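Q: have a look at this prediction, sequence included:
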Amino acid sequence: MNASYVDENLIIRMAAGDGAAFKELYEQTSSAVYGFALSILKNKHDAEDVMHDAFIKVYTAAVTYKSMGKPLAWILTIVKNLCYSKVRAGGVCEDLSEYEDLVRTDESGSILDKVILQDALNTLDFEERQIVILHSLTGMKHREIAEILDLPTGTVLSKYNRSIKKLRRELEEKGGAQ
């Protein structure tokens with residue numbers, strides 16, 4: 001699902017104690033939250049922990065939310081801060097094979113295709129992975145990603161384009177080696 005658009009009313013309803021709004025917000029944004037946390041932490045278990053903590057924080061902080069038209073950016077900023085706190089606290093283990101949760105294949109996709117795509121994602125550096133995952137997983141616009149990552153929009157655009165070229169090149173090389 002494209003999580004780029006999140007209805008701000010869900011957060012307002014959550015602040016009023018509406019559990020159904022929380023459930024709907026979770027369903028709309030959980031894959032984006034998990035993917036973003038995983039892009040920073042590179043570990044499935046740490047990303048799941050941060051996702052859990054992030055949704056608790058979103059629920060408790062809903063009363064302080066200021067309407068700016070970008071609830072997903074607000075949520076992902078919470079995720080980013082929790083991830084960086086976890087990294088600073090230490091004990092985060094990097095296991096790039098954890099991207100398998102993000103790499104989905106349809107019924108016609110093979111396990112080999114999935115492994116090759118995972119391997120290709122691992123060739124990207126930290127920021128490149130974040131940008132590709134945020135854009136691909138959430139459908140966020142480059143300017144929204146730039147806000148979350150505190151980068152100029154032009155930098156996000158150029159890194160995204162370079163990353164896609166790098167992924168294509170890697171996939172062609174791996175695909176040709178079959």
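A: Now that the structure is in, tell me what you want to look at.
Q: so where's this structure shaky on pLDDT?
A: Within the chain, the stretches falling below the threshold (pLDDT under 70) are 1-4, 91-119, 137, 174-178.
Q: all the helices of it, in order from the start?
A: With DSSP state H, the ranges of helices along the chain come out as 8-15, 19-41, 44-61, 71-89, 111-121, 126-133, 142-149, 153-176.
Q: dump these to a markdown table, plus mean neighbour count.
A: C-beta here means a position set from N, CA and C on the backbone, and glycine is covered the same way. Output for the helices of the chain, formatted as a markdown table (neighbours: other CB atoms under 10 Å):
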| stretch | mean neighbour count |
| --- | --- |
| helix 8-15 | 18 |
| helix 19-41 | 20 |
| helix 44-61 | 18 |
| helix 71-89 | 18 |
| helix 111-121 | 16 |
| helix 126-133 | 20 |
| helix 142-149 | 19 |
| helix 153-176 | 15 |
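Q: counting neighbours, what do you get for residue 90?
A: Counted with other CB atoms under 10 Å, the burial measure for residue 90 works out to 6 neighbours.
Q: no wait, residue 135
A: For residue 135, the neighbour count with other CB under 10 Å is 19.
Q: in contact with it: list those residues for me.
A: 142, 145, 160 (CB atoms under 8 Å, 6 or more residues apart in numbering).
Q: again with residue 156
A: Each residue near residue 156 by CB under 8 Å, 6+ apart is listed here: 131, 142, 143, 145, 146, 149.
Q: quick one on the thing from earlier: would you reformat the contacts of residue 135 as JSON lines and include distance to residue 56?
A: As requested, these are exported to JSON lines (distance: CB to CB, whole Å):
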{"residue": "142", "distance to residue 56": "30"}
{"residue": "145", "distance to residue 56": "25"}
{"residue": "160", "distance to residue 56": "31"}
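Q: what is the nearest of those residues to residue 10?
A: Distance from residue 10 was checked for each of the contacts of residue 135 by CB to CB. The minimum falls on residue 145, at 21.4 Å.
Q: isn't the closest one up against residue 128?
A: No. At 11.6 Å, residue 145 does not count as touching residue 128 under the criterion of CB atoms under 8 Å.
Q: quick one: residues contacting residue 8.
A: With CB under 8 Å, 6+ apart as the criterion, the residues that contact residue 8 are 65, 67, 69, 71.
Q: repeat that for 6 Å
A: For residue 8, the contact set (CB atoms under 6 Å, 6 or more residues apart in numbering) comprises 67, 71.
Q: that one and residue 27, how far apart?
A: Summarising the geometry, the distance separating residue 8 from residue 27, computed by CB to CB, to the nearest Å, is 16 Å.
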